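[1] have a look; sequence and predicted model below, questions after that.
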Amino acid sequence: MPDSDRDIVVMTGIDKSFPGVHALENVDFSLARGEIHALVGENGAGKSTLIKILTGVDRADKGTITLDGQSVSPRSPLHAQELGISTVYQEVNLCPNLTVAENILIGRQPSHFGVSIDWKALNARARESMKELDIDIDVTQPLGAYSVAIQQMAAIARALVISNAKVLILDEPTSSLTTHETLQLFKVMRKLKGEGIAIVFITHFLNQVYEVSDRVTVLRNGTLVGTYPTASLSRLELIRLMLGRTITVLDDMTAHKMESSHHIAVESLLEADDVGLANSVEPFDLSLHAGEVVGIAGLLGSGRTEIANLLFGIDRPDIGSIVMDHKPIKDFSPHASIARGVALCPEDRKVEGIVADLSVRENIILALQAGQGWFRRIGTKEQYEIADKYIKLLSISTPTADQKIKNLSGGNQQKVILARWLAANPRLLILDEPTRGIDVGTKADIQKLVLSLAEEGKSCVFISSELDEVLRTSHRIVVMRDRAKVTEFSGQVDEKGIMQAIAGSAS
């Protein structure tokens, strides 16, 4: 029950519908002063919609919101900020061409008597904001020159400089952060909590829910399941509440992987020999076999994505050679890779994956159409057949195939990208963080799908920051450190062995 003395935000009876989707139905949510409140649920559960209503992106069809005891109706994100509600969304939404400092203080730049920007003061304030997050960088450099992790931390710093912030909403803030950066963020969150700021923490990492939150609210299919003290809720029960069922897929994964290992071809499909690119990744050897899942483990910035870009032809190596089907690759380009049967699901789905204003159907058939050539157009009837097939296969939550992909949740957007490449029927599928920001049930489904694809004779490269899913899904594991391949494991290996290799205490 809401407590008017403790609660700074009370949302009551929130209802919201979009064309073909009842996104929220009579949802209640309360947020107390000085608490970290986790908001969890599967993709499409309604988390983002609830937050968008609180922050003025969307307007509720029904329901009321009170902030600090006063009835409010945020009209826009700017209005929400004026009310004291600050948000950092899952996808970094800053200006890469501006400096880090300009991004952090945009709209709040210190000035010389209101006439011109005080650049010295601006840079100093921005530098101090980043140092509070234990990030020491040159804030005068363009934001786009830094990694996604640094950009995420800059977005958080930007949210924290709002002087009247009463409520801070963090939507998947750790999805691109290293373990150290995540721990530093938690330190900052606890500091803000101690200062009385209320924090909504949206995450798919259940271990982080238990590490930092005081209470947890569970949504499922647009309805409220309940709000619980985190300490009194077991992880198994939390998963059951999120899914509405007991999940058994993960328990079956080891047996599934062992069974699929019998389908690995002896002869390699692709061989990378001493392949490297200056200032990107050190020369490495890598063989990929049909029917095999090769996991790539390592910290953010270790060179995992750089390997994916070389294999897919986004980058051209300046040393070494890559051979596929016994033929040396000379044409390094995504188009040539698609023609060879190579596919890449990129790490940053917003920038490199989806075409936001196209429909789900158009996004799904994109790679297949590109492979056939634009003069051999796929007929409309066939497009719908393909789209409907993969919407059903991957359980993509969308009212119709004609829904614009930008209206889908992040996890469902990821499924559409995966459907795009499955429709193109690749022989080698490179998956770069395919489960980032995806709920536990969908993660298990994707992991199981990867092993099923291997059983069908496809070769898969599986890149993930989560060691448990790399272990669960991969037949062989390559470990990266400091943009170099340091070792390779096959057969039985545990998480400790991989962590030691990443840390440099194993050869």
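    Nice, I can see it.

[2] ok, now which ones touch residue 354?
    By Cβ atoms under 8 Å, 6 or more residues apart in numbering, the contact set of residue 354 is 363, 405-406, 413, 416-417. C-beta here means a position set from N, CA and C on the backbone, and glycine is covered the same way.

[3] meant to ask about residue 274, not that
    283-285, 319-321.

[4] where do the helices sit along the stretch 401-507 of the chain?
    Taking DSSP state H, counting those that start in this stretch, the helices of the stretch 401-507 of the chain run over residues 410-423, 440-455, 467-473, 495-503.

[5] which of the residues in the longest one are buried?
    It stands for helix 440-455. 440-451, 453-455 (16 or more other Cβ atoms under 10 Å).

[6] report all helices and strands that that helix contacts.
    If contacts are counted by 3 or more Cβ pairs under 8 Å, 6 or more residues apart in numbering; DSSP states H and E, helix 440-455 sits against helix 235-243, helix 249-260, strand 293-297, helix 410-423, strand 459-463, helix 467-473.

[7] let's see it as PDB, backbone CA atoms only.
    What follows is helix 440-455, C-alpha atoms only, in PDB (Å, rounded to 0.1, in the frame of the first residue of the first chain):
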ATOM      1  CA  VAL A 440      15.400 -14.100 -18.600                       C
ATOM      2  CA  GLY A 441      12.800 -16.100 -20.500                       C
ATOM      3  CA  THR A 442      13.700 -14.700 -23.900                       C
ATOM      4  CA  LYS A 443      17.400 -15.200 -23.100                       C
ATOM      5  CA  ALA A 444      16.900 -18.900 -22.600                       C
ATOM      6  CA  ASP A 445      14.800 -19.100 -25.800                       C
ATOM      7  CA  ILE A 446      17.600 -17.400 -27.800                       C
ATOM      8  CA  GLN A 447      20.300 -19.600 -26.300                       C
ATOM      9  CA  LYS A 448      18.300 -22.700 -27.100                       C
ATOM     10  CA  LEU A 449      17.700 -21.400 -30.600                       C
ATOM     11  CA  VAL A 450      21.400 -20.900 -31.200                       C
ATOM     12  CA  LEU A 451      22.100 -24.500 -30.300                       C
ATOM     13  CA  SER A 452      19.300 -25.600 -32.500                       C
ATOM     14  CA  LEU A 453      20.800 -23.700 -35.400                       C
ATOM     15  CA  ALA A 454      24.100 -25.400 -34.800                       C
ATOM     16  CA  GLU A 455      22.300 -28.800 -34.900                       C
END
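
[8] now it: average pLDDT?
    Averaging pLDDT along helix 440-455 yields 82.

[9] then stretch 360-378?
    85.

[10] now the end-to-end length of it.
    Stretch 360-378 stretches 15 Å from its first residue to its last (Cα to Cα, to the nearest Å).

[11] repeat that for stretch 416-429.
    By Cα to Cα, the extent of stretch 416-429 from end to end equals 15 Å.

[12] and that stretch, how far from the chain's centre?
    Relative to the centre of its chain, stretch 416-429 is centred 19 Å away, using Cα atoms, centre = their mean, to the nearest Å.

[13] ok, now how distant is the spatially closest residue to residue 79 that is not a sequence neighbour from residue 108?
    Distance criterion Cβ to Cβ, 6 or more residues apart in numbering; nearest residue to residue 79, sequence neighbours excluded, is residue 56 at 5.2 Å. Per Cβ to Cβ, to the nearest Å, residue 56 is found 19 Å from residue 108.

[14] between these two, which has more neighbouring residues?
    Neighbour count, other Cβ atoms under 10 Å: between residue 56 and residue 108, residue 56 has more, with 21 against 12.

[15] of the helices and strands packed on helix 440-455, which is nearest residue 126?
    Among those, the nearest to residue 126 by Cβ to Cβ is helix 410-423 (28.2 Å).

[16] so where's the stretch 151-300 of the chain shaky on pLDDT?
    Scanning the stretch 151-300 of the chain for pLDDT under 70 picks out 162-164, 176, 245-260, 262-263.

[17] swap that for the stretch 401-507 of the chain, sorry
    For the stretch 401-507 of the chain, the stretches flagged by pLDDT under 70 are 437, 505-507.

[18] could I get the pLDDT score of the residue sitting furthest away from the middle of the chain?
    Distance from the centre of the chain peaks at residue 113, with 42.7 Å (Cα atoms, centre = their mean). Among the per-residue scores, residue 113 shows a pLDDT of 78.

[19] and of the contacts of residue 354, the nearest to residue 492?
    Nearest to residue 492 among the contacts of residue 354, with distances taken as Cβ to Cβ, is residue 417, at 32.5 Å.

[20] that closest one contacts residue 347, correct?
    No - if you go by Cβ atoms under 8 Å, residue 417 and residue 347 don't touch, sitting 10.9 Å apart.

[21] these two touch, right, residue 23 and residue 52?
    No - in this structure, residue 23 is not within contact of residue 52 by Cβ under 8 Å, at 9.4 Å.

[22] who has more neighbours, the two?
    residue 23 (24 against 21).

[23] so who does residue 77 touch?
    55-57, 87.

[24] change it to 6 Å
    The contact partners of residue 77, taken as Cβ atoms under 6 Å, 6 or more residues apart in numbering, are 55-56.

[25] and what of residue 56?
    Contacts of residue 56 (Cβ under 6 Å, 6+ apart): 74-77, 79-80.

[26] now the buried members of the residues you listed.
    74, 77, 80.

[27] among those, which lie within helices?
    Judged by DSSP state H, those include 77, 80 as members of helices.

[28] okay, who's weakest in the buried ones among the contacts of residue 56 by pLDDT?
    Comparing the buried ones among the contacts of residue 56 by pLDDT, residue 77 comes last, at 90.

[29] what's the neighbour count on residue 34?
    15.

[30] could you shift the numbering so residue one becomes 421, and keep it that way?
    Sure thing, new numbering starts at 421, so read that last one as residue 454.

[31] I'd guessed it sits against residue 614; true?
    No - in this structure residue 454 lies outside contact range of residue 614 using Cβ atoms under 6 Å: 7.1 Å.

[32] which helix or strand contains residue 790?
    helix 786-792 (DSSP states H and E).

[33] continuing past that helix, what's the next helix or strand?
    Following helix 786-792 in sequence order, the next helix or strand is helix 800-813 (DSSP H and E).

[34] may I see the buried residues of that next one?
    803, 806-807, 810-811.

[35] by contact count, what packs against that helix?
    helix 780-784 (3 or more Cβ pairs under 6 Å, 6 or more residues apart in numbering; DSSP states H and E).

[36] so what does the helix it packs on touch, helix or strand wise?
    Secondary elements touching helix 780-784 (3+ Cβ pairs under 6 Å, 6+ apart): helix 800-813, helix 830-843.

[37] and residue 577, which of those is closest to it?
    helix 830-843 (22.4 Å).

[38] domain ranges for this structure?
    With domains defined by automatic domain parsing, the chain comprises 427-663, 669-923.

[39] strands of the stretch 621-770 of the chain, residue ranges please.
    Ranges of strands within the stretch 621-770 of the chain are 635-640, 643-649, 688-697, 701-709, 713-717, 739-744, 747-748, 762-765, based on DSSP state E, counting those that start in this stretch.

[40] how about the ones you listed in JSON lines, adding distance to residue 779?
    What follows is the strands of the stretch 621-770 of the chain, written out as JSON lines (distance: least, Cβ to Cβ, whole Å):
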{"stretch": "strand 635-640", "distance to residue 779": "26"}
{"stretch": "strand 643-649", "distance to residue 779": "27"}
{"stretch": "strand 688-697", "distance to residue 779": "33"}
{"stretch": "strand 701-709", "distance to residue 779": "33"}
{"stretch": "strand 713-717", "distance to residue 779": "31"}
{"stretch": "strand 739-744", "distance to residue 779": "33"}
{"stretch": "strand 747-748", "distance to residue 779": "37"}
{"stretch": "strand 762-765", "distance to residue 779": "19"}
